[in-house]
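Q: here is my input, please return the structure:
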Amino acid sequence: MNKKIRVLVVDDSAFMRKSISYILESSGVIDVVGTAKNGQEGFEMLLKLKPDIVTLDVEMPVMNGLDTLKKIMTECPTPVIMLSSLTAEGTETTLKALSLGAVDFLAKDMVNINSGLLNIQKELINKIKTIYNQKSLAFRLSRIHGKISEPQEKKTSIALSNFVKPSFEIKSILIGISTGGPLSLQKVIPELNKNIPVPIFIVQHMPPIFTKSLADRLDKMSQIAVKEAEDSEKIVPSQIYIGQGGKHMIIEKNFGGYNIKITEQPADSLYKPSVDVTLNSLIDYYGKHVFAIIMTGMGKDGLEAVKRLKQLGGYSVAQDEESSVVYGMPKAIVDNNLADAILPLDSISSQINKLF
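A: Sure thing, here's the model as predicted:
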């Protein structure tokens with residue numbers, strides 16, 4: 001990387017500002033161009049320094065993280081990573097931030113902050129590198145955020161020449177998603193018909209606690225029921241199940257139907273929950289009759305299971321690059337010629353509805 005990534009750190013804690021700066025600059029590819037102790041100061045520095053990425057604390061004096069984020073997205077769209085505490089209140093605030101346009105977040109353990117900083121070092125640096133490498137991300141954030149903040153705006157119908165309804169029966173739907181997920185799911189799930197006659201499974205890469213808050217938030221916004229999946233619960237149609245953070249969601253066949261199993265296995269999986277693990281489990285029971293949608297996110301989770309699905313004659317959709325916050329997971333599907341259709345974010349819900 002010839003050019004260093006320019007980062008602005010905004011946090012009311014002098015210790016955190018110093019620690020985060022040290023962590024980032026230790027990478028050798030990141031330059032902390034400034035630090036700010038509150039949101040107002042951070043926004044003024046943003047306008048002056050024009051950093052590539054901002055790390056933003058949630059709780060701050062003068063102007064808090066949410067108000068600062070709104071101002072950034074409205075006046076000077078810039079990729080923002082939120083730093084959140086592992087509390088119920090911190091979780092809800094983080095989800096609000098992600099729905100307002102924050103690209104990603106990092107949960108910090110305030111109880112064990114000294115050891116916790118070392119644990120997040122690699123993750124934070126990798127997130128910044130990945131976000132920096134996205135083309136025109138600031139523009140996409142501006143466009144996506146604008147559409148979310150103006151729900152009264154009349155939707156534009158998009159002609160999709162590459163979507164052909166599968167010729168076989170669809171018995172379940174799988175959505176695999178990661179970075180940019182809460183923002184993107186907020187555009188898709190509330191637009192789904194409440195009477196979709198099959199279960200929908202969402203694997204969103206998130207730590208524990210966050211997936212329950214995400215499910216509750218989407219449920220309040222949507223016609224179709226949304227919940228965090230529970231161990232041993234029976235699978236029913238017209239229901240969306242979001243996998244628990246930190247664990248896998250798989251399917252078991254029992255007398256009279258199918259149940260969800262929440263498990264730690266496989267323990268060596270790179271992601272928990274994992275799109276590959278859940279989709280492979282769905283294929284075991286539904287065969288090719290799974291409609292797989294791979295959306296925004298870094299990495300390539302879901303690729304191997306989609307390969308298997310396609311070998312069986314199944315159908316898969318990838319979100320397009322233009323509307324993806326991070327074009328990693330869907331790119332892996334497209335690059336391997338596995339996508340039957342490549343859809344913009346605004347069209348995914350309508351195509352799901354048309355399946356039935």
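Q: by mean pLDDT, flag the weakest helix or strand of the protein.
A: Least confident helix or strand, the chain: helix 137-149 with a mean of 54, by mean pLDDT, DSSP states H and E.
Q: per-residue pLDDT, the residue of the chain most remote from its centre?
A: Within the chain, residue 255 marks the point farthest from the mean C-alpha position, 34.7 Å out by CA atoms, centre = their mean. In the predicted model, residue 255 carries a pLDDT score of 76.
Q: relative to residue 14, how far out is the nearest residue to residue 314 once chain neighbours are set aside?
A: In this structure, residue 314 finds its nearest non-sequential neighbour in residue 288, 3.9 Å apart by CB to CB, 6 or more residues apart in numbering. Where C-beta positions appear, they are placed from N, C-alpha and C, glycine not excepted. Separation of residue 288 from residue 14 (CB to CB, to the nearest Å): 57 Å.
Q: same check on residue 261?
A: 46 Å.
Q: next one: residue 45
A: For residue 45 relative to residue 14 (CB to CB), the value is 16 Å.
Q: who's more crowded, the two?
A: Comparing residue 45 with residue 14 by other CB atoms under 10 Å, the one with more neighbours is residue 45, at 19 against 10.
Q: what sits against the more buried one?
A: For residue 45, the contact set (CB atoms under 8 Å, 6 or more residues apart in numbering) comprises 8, 10, 34, 36.
Q: residues in contact with the last one?
A: Think residue 36. Per CB under 8 Å, 6+ apart, neighbours of residue 36: 8, 9, 10, 11, 42, 44, 45.
Q: JSON lines for the residues you listed, including secondary structure?
A: Output for the contacts of residue 36, formatted as JSON lines (DSSP: H, G, I helix; E, B strand; the rest coil):
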{"residue": "8", "secondary structure": "strand"}
{"residue": "9", "secondary structure": "strand"}
{"residue": "10", "secondary structure": "strand"}
{"residue": "11", "secondary structure": "coil"}
{"residue": "42", "secondary structure": "helix"}
{"residue": "44", "secondary structure": "helix"}
{"residue": "45", "secondary structure": "helix"}
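Q: scan the residues you listed and report the most crowded one.
A: Busiest of those [other CB under 10 Å] is residue 10, holding 30 neighbours.
Q: distance of the nearest residue to that residue once chain neighbours are set aside from residue 30?
A: Closest residue to residue 10 apart from its sequence neighbours, by CB to CB, 6+ apart: residue 42 at 3.5 Å. Distance check for residue 42 against residue 30: by CB to CB, it reads 17 Å.
Q: if we can go back for a sec, would you turn the contacts of residue 45 into JSON lines with pLDDT?
A: Putting the contacts of residue 45 into JSON lines (pLDDT from 0 to 100) gives the following:
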{"residue": "8", "pLDDT": "97"}
{"residue": "10", "pLDDT": "95"}
{"residue": "34", "pLDDT": "96"}
{"residue": "36", "pLDDT": "95"}
